[in-house]
Every structure is written in C-alpha cells, then in structure tokens.
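>>> Sequence plus predicted model, see below.
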Amino acid sequence: MALSGFTAPIQFKNCDIFGNGSLKIIPVQSRLIQMKPWVIEARARTRVESPKVRNRRLQKKYNGTEKKPRLSVFCSEKQLYAMLVDDQNKKCLFFGSTLQQSARESPPCTTVEAAQRVGEELVKACTDMGIDEISSYDRNGFSRGARMEAFDIALSGHGFLLR
C-alpha cells in the first residue's frame, strides 16, 4: 500500500540486467482484494469403500481358467444375469439369465424362481464341461437380494459355494 500514491516512473541505471537505463517501469496502483477463507470439505465416503471399486480391484486378483472359471453375476432391478468366464482365453463358457425361455418355461414363474432355475442350469452346464469348482464368485458389488439368494441356494446345493 506504500506505492499507491507513487506514480512516477522508476528508472534503473546502467547494469547487466536492464541495459543502459532505457527501461522504465511504471508502478500500477493496486486495488484492495478481499480474501475469502478457504473451506476444505472432505469427500463423501472417505472411510467406506465403494463396492464397485472393491470389485474392480478383486477382478484383477482372481482370474478364471478353463477348468476353474470365474462366476460373474449381475443383478439389475428386475433380472439376474450369470456368466462363467475364462479370463485367460477371454471366453464366456456359460451365460444364463432370468429372461431366457428355458428359465421361464412352463409353468410361468417369478424372477426369484427363474433365478433359481438359472443356477440349476449353470450347475448342469458345469457338470457337462467337467468343471468341479469355480475360482471366485463375483457379485459385481451387489448385495444379496431375493434373486441373488435363490441363485446362491441352487449353487450351494451342488457344492459350488460354501455357505
């Protein structure tokens, strides 16, 4: 604030940096700037990890093979989708969902019953392919709902999942 009333140009004498004194610097009057205090806010869920983030990290750790595939289950709002994945060869060995006609055949059933039928079809396909166990059960961060529970019961009845 000491320079606010000073408007005369400053002239430098001969030196290596400014040359022969032809450079003139005119000070600019500064305005008062009101500084607002910084507010640091913590991000939401800093200690609680997101299920999706945890699932992506676990997918890197558990890779399925042809004899020991990874079981990946996706549960949407109304349906359930299950896949047996061979990560080494990048192949899907089995795919089943509650939308398939084989799971919804006679008599017409609810999605919970269809999810149990998808689990039974998965076990049948595994016995046909000679798969005795799965490397990991990947729920994609979903909690266990009614459809997921019915699917788990069908798998644990045949020894694929330990309850």
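Yep, that arrived.
>>> For F94, give me its contacts.
By Cβ atoms under 8 Å, 6 or more residues apart in numbering, the contact set of F94 is A82, M83, L84, L122, A125, C126, M129. C-beta: built from backbone N, CA, C; applies to glycine.
>>> give me that answer again for 7 Å
Residues near F94 by Cβ atoms under 7 Å, 6 or more residues apart in numbering: M83, L84, L122, A125.
>>> and the last one, how many neighbours?
The reference is to A125. 15 (other Cβ atoms under 10 Å).
>>> Could you confirm it falls within a strand?
No - counting by DSSP: H, G, I helix; E, B strand; the rest coil, A125 falls outside a strand, being helix.
>>> farthest-separated two in the contacts of F94?
M83 and A125 (11.1 Å; Cβ to Cβ).
>>> returning to what we had before: quick one: buried ones out of the contacts of F94?
M83, L84, L122 (16 or more other Cβ atoms under 10 Å).
>>> Low-confidence regions, this protein specifically.
1-34, 42-49, 59, 106, 141-142, 162-163 (pLDDT under 70).
>>> Show me where it has its strands.
Counting by DSSP state E, the segments of the chain that form strands are 10-11, 24-25, 70-75, 80-86, 91-97, 136-138.
>>> could you redo these as a markdown table and give each row distance to I153?
Formatted as a markdown table, the strands of the chain follow (distance: least, Cβ to Cβ, whole Å):
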| stretch | distance to I153 |
| --- | --- |
| strand 10-11 | 86 |
| strand 24-25 | 82 |
| strand 70-75 | 13 |
| strand 80-86 | 13 |
| strand 91-97 | 15 |
| strand 136-138 | 13 |
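>>> hang on, the earlier thing: mind putting the buried ones among the contacts of F94 in a markdown table, distance to A115 included?
As requested, the buried ones among the contacts of F94 are arranged in a markdown table below (distance: Cβ to Cβ, whole Å):
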| residue | distance to A115 |
| --- | --- |
| M83 | 14 |
| L84 | 16 |
| L122 | 11 |
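>>> In TSV, list the contacts of F94 along with distance to S143.
As requested, these are exported to TSV (distance: Cβ to Cβ, whole Å):
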residue	distance to S143
M83	19
L84	22
L122	20
A125	26
